[in-house]
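K.L.:
dropping the sequence and predicted coords here.
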Amino acid sequence: MSTATAVPQTFELEGDDARATLKKVGRGRLFRDSFERFRAADGFSHARALAFQIVLTAVPALIAVVGLAVDLDQENVKRLMQETIRGVAPGPAGEIATQAFQQGSDAASDSETAVLAGLAAALIAATGAMAQIERGGNRIYGVESDRSTLRKYVTAFTLALTVGVLILVAFVLFVAGSAIKSAGAATGWTDTAAVVWEIARWPVVLVFVIAGFALLFKVSPRRRQPSMSWLASGAAVTVGSWLAFTGLLSLYLTASRSTGDTYGPLAGIIGVLLWAFLTSLAVFFGLAFAAQLEAVRAGVATPATDRDVDPSPDLDDATAKSAF
C-alpha cells in the first residue's frame with residue numbers, strides 16, 4: 001500500500017503557476033520531497049515492473065524492425081536502424097541488440113510475418129507498460145484504486161498507440177539524428193538541407209518528447225490532472241533524468257570493458273535490464289516531481305504519511321488482551 005499523501009485535485013493550473021511554485025519552494029527541497037514521495041509510493045517496485053514490460057516490448061519490436069529492414073532492403077535504412085538501437089541502449093546492451101539485428105537481417109526469410117508478429121507482440125507489451133504507469137502514477141498521487149479493468153487497458157492501449165509512438169519518434173530523432181543526416185546526404189540532400197536538419201531537429205525533439213511525457217502524465221493517473229504546461233515540468237525532469245542515467249550507464253559499461261570480455265552476451269543482457277530499470281525510474285521520478293509540485297501548490301507539502309509504521313506497539317493492554 002502506498003504511503004504517499006493524497007494530492008488534492010486542483011484546477012486551472014498552468015505553466016506559469018508551476019514556475020512560481022517551484023521558485024517559492026526551491027528546487028533542492030522539491031527534489032528531496034519528490035524522492036520521498038516516490039519512495040513512499042513504492043516507486044522502486046513499480047519501476048521494476050515497468051522495466052520488465054519495457055524489455056518485453058523491446059524484444060518483439062526489434063524482431064519487427066529486423067523484418068522491416070529485410071523488406072525494404074536498403075543499406076541506408078539498415079544503418080539508420082542500427083544507429084538508433086546503439087544510441088538508445090548504451091554499451092554492451094546496444095552491442096547485443098545490434099548483433100541480433102544484423103544476424104536477423106542477414107538470415108530472415110519470412111520478413112512479413114516477422115513485422116506483423118513483432119508489432120502485435122510489442123503493442124500488447126506496450127499496453128501492459130502503460131497500464132503499469134497508471135498503477136504507479138496512482139500510488140504516487142495517493143490514489144489507492146486504479147480504473148476498472150476494461151477502462152484501464154483501453155486507456156493503456158490508446159496511450160501505447162499515441163504517446164508511445166510520439167516518444168519513440170522523438171528518441172529516434174535524438175539518437176539517430178546524425179545517421180539520418182548521413183542517409184539524407186546519400187540520397188541527394190544539399191549542404192543547406194543538412195545544416196537546417198542538424199539545427200532544427202533539436203527543438204523538434206525537445207517539443208516531441210516533453211509533450212509526449214506531459215500527455216502521458218495527464219492521462220495515466222485516475223484523477224483530474226492540471227494542464228500539460230504544468231505537467232511539462234515533471235516531463236522535463238523525466239527527460240533530464242533519463243539522459244543522466246543513460247550517460248552514466250554508458251560511462252560505466254564502457255569503463256568496465258573487462259566485464260563484457262569475460263561474460264560476453266550476458267553483459268549485454270545485464271546492460272539491457274539496467275537500462276530498462278533506469279528508464280523506468282526516470283519516468284516515475286518525473287511523475288513524482290509533478291505530483292509533489294501540485295501538492296505544494298495545494299498546501300499539502302508533506303510527501304508521505306506515517307502509515308508504514310507498525311501500529312502494534314501502540315496497542316493498549318486491553319486491546320492486546322482482546323486479541324486472544
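P.N.:
That came through, no problem.

K.L.:
the residue lying closest to V115 once chain neighbours are set aside: neighbouring residues, count only.
P.N.:
Distances taken as CB to CB, 6 or more residues apart in numbering put G67 closest to V115, at 3.9 Å, once the chain neighbours are dropped. Every residue, glycine included, has its C-beta placed from N, CA and C. Burial of G67 is recorded as 23 neighbouring residues (other CB atoms under 10 Å).

K.L.:
ok, now R223?
P.N.:
Look at R223: counted by other CB under 10 Å, it has 15 neighbours.

K.L.:
what residues sit buried inside the helix or strand containing L56?
P.N.:
Here L56 sits within helix 43-72, counting by DSSP states H and E. Across helix 43-72, burial judged by 16 or more other CB atoms under 10 Å covers 43, 46-47, 49-70.

K.L.:
same question, stretch 153-166
P.N.:
For stretch 153-166, by 16+ other CB under 10 Å, it's Y153, T155, A156, F157, L159, A160, V163, G164, L166.

K.L.:
so for the last one, what's the pLDDT?
P.N.:
Think L166. In this prediction, L166 carries a pLDDT score of 86.

K.L.:
verify the stated contact: it with A211.
P.N.:
Yes: taking CB atoms under 8 Å as the definition, L166 is a contact partner of A211 at 7.1 Å.

K.L.:
the residue nearest the centre of the chain and A121: what is the separation?
P.N.:
For the chain, V283 is the residue whose C-alpha lies nearest the centre (CA atoms, centre = their mean; 4.5 Å). Relative to A121, V283 is positioned 22 Å away (CB to CB, to the nearest Å).

K.L.:
distance of L287 from T238?
P.N.:
Counting by CB to CB, the gap from L287 to T238 is 7 Å.

K.L.:
and what of G142?
P.N.:
Distance from G142 to T238, by CB to CB: 20 Å.

K.L.:
what about the two, which has more around it?
P.N.:
T238 (27 against 24).

K.L.:
residues in contact with the more buried one?
P.N.:
F213, A282, V283, F285, G286, L287 (CB atoms under 8 Å, 6 or more residues apart in numbering).

K.L.:
same check, this time on A120
P.N.:
P60.

K.L.:
try it again with 10 Å
P.N.:
P60, A64 (CB atoms under 10 Å, 6 or more residues apart in numbering).

K.L.:
now the host helix or strand of it: buried residues?
P.N.:
Assigned by DSSP H and E, A120 falls within helix 111-140. For helix 111-140, a neighbour-count test (16+ other CB under 10 Å) marks 111, 114-115, 118-119, 121-123, 125-140 as buried.
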